[in-house]
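Colleague: below are the sequence and a predicted model; questions follow.
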Amino acid sequence: GRACEAPEQREIRAADRVGGFAGSNFNRLLGKLEEDHGRLAEALAAFSAANARQKRLTPWRADAFRRYVASALKVSQTLPQPLDPQLGREVIFIVGLPRSGSTLFEQILAAHPDVEGASELPDLGIVIQQESVRRGIPYPDWVPQASAADWHRLGQAYLARTARWRRQRPRHTDKQPDNWKHVGMLRAMLPGAQVIEVRRDPLETAWSCFKQPFYSQPHFANDMADIALYMQGCAHAMDLWRERDPQHIHVYRYEALLADPEPYIRALLADCGLAFHPDCLHFHTTPRSVRTASAAQVRQPLRRDTARAIAYGALLQPLMALLELPLPL
């Protein structure tokens with residue numbers, strides 16, 4: 001009973017009565033505590049309460065997301081041929097869902113002597129937003145009006161904004177996950193750039209997003225249905241864009257990297273136009289700042305026992321149903 005709770009657990013429960021964002025944060029702390037002690041039903045309840053509170057405070061607009069994906073896919077079907085097909089060859093974008101393993105892939109690439117790991121940069125979104133303001137038309141509605149010269153100008157603007165990341169090494173990574181929303185337009189704006197989409201087991205990705213406190217709100221991860229919608233929209237868009245530009249858009253799977261690292265890392269480097277370098281196999285020793293929730297993990301050698309959601313079993317049946325996944329046997 002409550003009388004047997006540890007002091008820190010009683011403190012978390014009391015603090016959870018605080019309203020607003022603080023209450024959501026304390027519920028997440030309680031969820032982590034319950035999970036660490038193997039009380040998974042209680043952990044699920046605490047994480048669910050945290051997210052329900054956060055969603056009430058900052059509701060995410062699922063309908064707006066649906067409209068965006070449909071519009072982005074439509075307007076990116078026909079784009080002008082780039083003035084310089086090599087523009088952006090200095091850049092490696094790493095995109096996909098948060099908590100999918102993208103930090104690990106960036107750490108591997110950043111171990112290469114020709115690559116600077118720049119982490120999650122806002123610059124691509126800023127350049128596109130500034131163009132929307134200049135035109136007085138929301139993105140992506142103005143995309144059909146943009147000429148090859150317009151896209152070249154925007155690509156150069158991105159490269160100018162990110163030039164500081166190439167002072168020591170000739171290439172840099174941009175690991176902003178949300179950049180997947182612009183990948184369809186990159187073949188006009190930065191046609192020489194390589195795009196690495198990282199995918200992880202859907203249930204593990206979704207559950208990790210559900211547990212993670214995202215400080216940029218509103219966020220899709222506050223609701224299981226929204227997580228499923230976002231994941232499906234991302235996968236659908238990226239699959240179509242990869243069909244249109246397979247030479248520059250690649251999908252890599254987190255679990256496949258863990259299962260057989262060296263050949264996967266060699267293939268990753270080749271897709272990025274990089275010669276193999278043995279330092280990439282020892283990425284965890286790379287001395288660089290990592291500013292994401294996965295900072296601790298990428299300081300360690302690869303581990304295969306990273307799955308966490310599977311322990312919840314049927315407790316996550318509603319999430320598995322939304323993701324259209326079978327129940328674990």
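Modeller: Done, it's in.

Colleague: how many other residues sit next to residue 242?
Modeller: 17 (other C-beta atoms under 10 Å). Every residue, glycine included, has its C-beta placed from N, CA and C.

Colleague: ok, and the closest non-adjacent residue to residue 157?
Modeller: Of all residues not flanking residue 157 in the chain, residue 127 sits nearest, at 4.9 Å (C-beta to C-beta, 6 or more residues apart in numbering).

Colleague: can you give me the buried ones in the helix or strand encompassing that neighbour?
Modeller: Per DSSP states H and E, residue 127 falls inside helix 123-135. Buried positions in helix 123-135, judged by neighbour count with 16 or more other C-beta atoms under 10 Å: 123-124, 127-128, 131.

Colleague: the next helix or strand after that helix - what's its average pLDDT?
Modeller: Remark: after helix 123-135, the chain's next helix or strand is helix 148-161, criterion DSSP H and E. Helix 148-161 comes out with an average pLDDT of 98.

Colleague: got a list of contacts for helix 148-161?
Modeller: The contact list for helix 148-161 (C-beta atoms under 8 Å, 6 or more residues apart in numbering) reads 79-84, 87-88, 90-91, 123-124, 126-128, 130-131, 146, 185, 188-191.

Colleague: got the CA coordinates for it in PDB?
Modeller: Only the C-alpha atoms of helix 148-161 are listed here, as PDB (Å, rounded to 0.1, in the frame of the first residue of the first chain):
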ATOM      1  CA  ALA A 148      14.900  26.500 -60.200                       C
ATOM      2  CA  ALA A 149      16.500  29.800 -59.400                       C
ATOM      3  CA  ASP A 150      14.400  30.100 -56.300                       C
ATOM      4  CA  TRP A 151      15.300  26.700 -55.100                       C
ATOM      5  CA  HIS A 152      19.000  27.400 -55.800                       C
ATOM      6  CA  ARG A 153      18.800  30.600 -53.800                       C
ATOM      7  CA  LEU A 154      17.200  28.700 -50.800                       C
ATOM      8  CA  GLY A 155      19.800  26.000 -51.000                       C
ATOM      9  CA  GLN A 156      22.600  28.500 -50.900                       C
ATOM     10  CA  ALA A 157      20.900  30.200 -48.000                       C
ATOM     11  CA  TYR A 158      20.900  26.900 -46.000                       C
ATOM     12  CA  LEU A 159      24.500  26.300 -46.800                       C
ATOM     13  CA  ALA A 160      25.500  29.800 -45.700                       C
ATOM     14  CA  ARG A 161      23.600  29.400 -42.400                       C
END
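
Colleague: and the pLDDT for residue 82?
Modeller: 98.

Colleague: tell me which stretches of the stretch 1-150 of the chain form strands.
Modeller: Along the stretch 1-150 of the chain, the stretches classed as strands by DSSP state E, counting those that start in this stretch are 91-96, 115-117.

Colleague: out of those strands, which is the most enclosed?
Modeller: strand 91-96 (a mean of 26; mean count of other C-beta atoms under 10 Å).

Colleague: ok, residues contacting that one?
Modeller: Residues contacting strand 91-96 (C-beta under 8 Å, 6+ apart): 102, 105-106, 109, 115, 124, 158-159, 162, 171-180, 183, 186, 190, 192-199, 234, 238, 272.

Colleague: helices - which of those land there?
Modeller: Here DSSP state H is the test, and the contacts of strand 91-96 give 102, 105-106, 109, 124, 158-159, 183, 186, 234, 238 as lying in helices.

Colleague: not counting sequence-adjacent ones, nearest residue to residue 142?
Modeller: Spatial nearest neighbour of residue 142, chain neighbours left out: residue 135 (4.9 Å); criterion: C-beta to C-beta, 6+ apart.
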